[in-house]
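Asker: coords below, sequence missing:
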């Protein structure tokens, strides 16, 4: 997906017009309209403003990967990088938990064979 498509979908979800969004984030409406038409943004700072206002990560707004969309419970958790790090830690904890159970299963299998 492209920025324009993702932005349009988010605006529809939140029932926002380009005029209202432009006023809320303090960028020209024409800028939003060019993004919606498919033009690449000239200012990443403006994209970040829009992402913050829409409560999604900058990366999600630009690339559309659902894995990068900020979950509601983390939406006020800081910058996209901070949120990414939090999610990475949570996933690592889940993986460690599964891996720590594996040796126990191996021991049980060995005892059952003996």
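Answerer: Good, I have the coordinates. Keep in mind that what you see is a predicted model, and the values were worked out from it rather than measured.

Asker: Isn't residue 8 up against residue 36?
Answerer: Yes - with contact defined as Cβ atoms under 8 Å, residue 8 reaches residue 36; the gap is 5.7 Å. All C-beta spots, glycine's among them, are computed from the backbone N, C-alpha and C.

Asker: So for stretch 69-80, mean pLDDT?
Answerer: Per-residue pLDDT over stretch 69-80 has a mean of 54.

Asker: gap between residue 52 and residue 37?
Answerer: 23 Å (Cβ to Cβ, to the nearest Å).

Asker: which residues of the protein score low on pLDDT?
Answerer: Residues of the chain meeting the criterion pLDDT under 70: 1, 67-68, 70-114.

Asker: Which residue ranges make up the domains of it?
Answerer: Per automatic domain parsing, the structural domains of the chain span 1-69, 71-114.

Asker: for residue 36, what are its contacts?
Answerer: 4, 7, 8, 18 (Cβ atoms under 8 Å, 6 or more residues apart in numbering).

Asker: one more time with 6 Å
Answerer: 4, 8 (Cβ atoms under 6 Å, 6 or more residues apart in numbering).

Asker: What ranges does the protein have for its strands?
Answerer: Taking DSSP state E, the chain contains no strands at all.

Asker: That one: helices as residue ranges?
Answerer: 3-13, 18-25, 29-36, 44-54, 58-63, 80-113 (DSSP state H).

Asker: If we go by neighbour counts, what in the first one is buried?
Answerer: I take that to be helix 3-13. Across helix 3-13, burial judged by 16 or more other Cβ atoms under 10 Å covers 3, 4, 6, 7, 10, 11.

Asker: swap in the fourth one?
Answerer: The neighbour-count criterion (16+ other Cβ under 10 Å) identifies 46, 47, 48, 49, 50, 51, 52, 53, 54 as the buried residues of helix 44-54.

Asker: What number of residues are in the vicinity of the nearest residue to the fifth one once chain neighbours are set aside?
Answerer: Spelled out, it's residue 50. Computed as Cβ to Cβ, 6 or more residues apart in numbering, the closest residue to residue 50 that is not its neighbour in sequence is residue 25, at 5.5 Å. Residue 25 has 18 neighbours, counted by other Cβ atoms under 10 Å.

Asker: Done for today, thanks.
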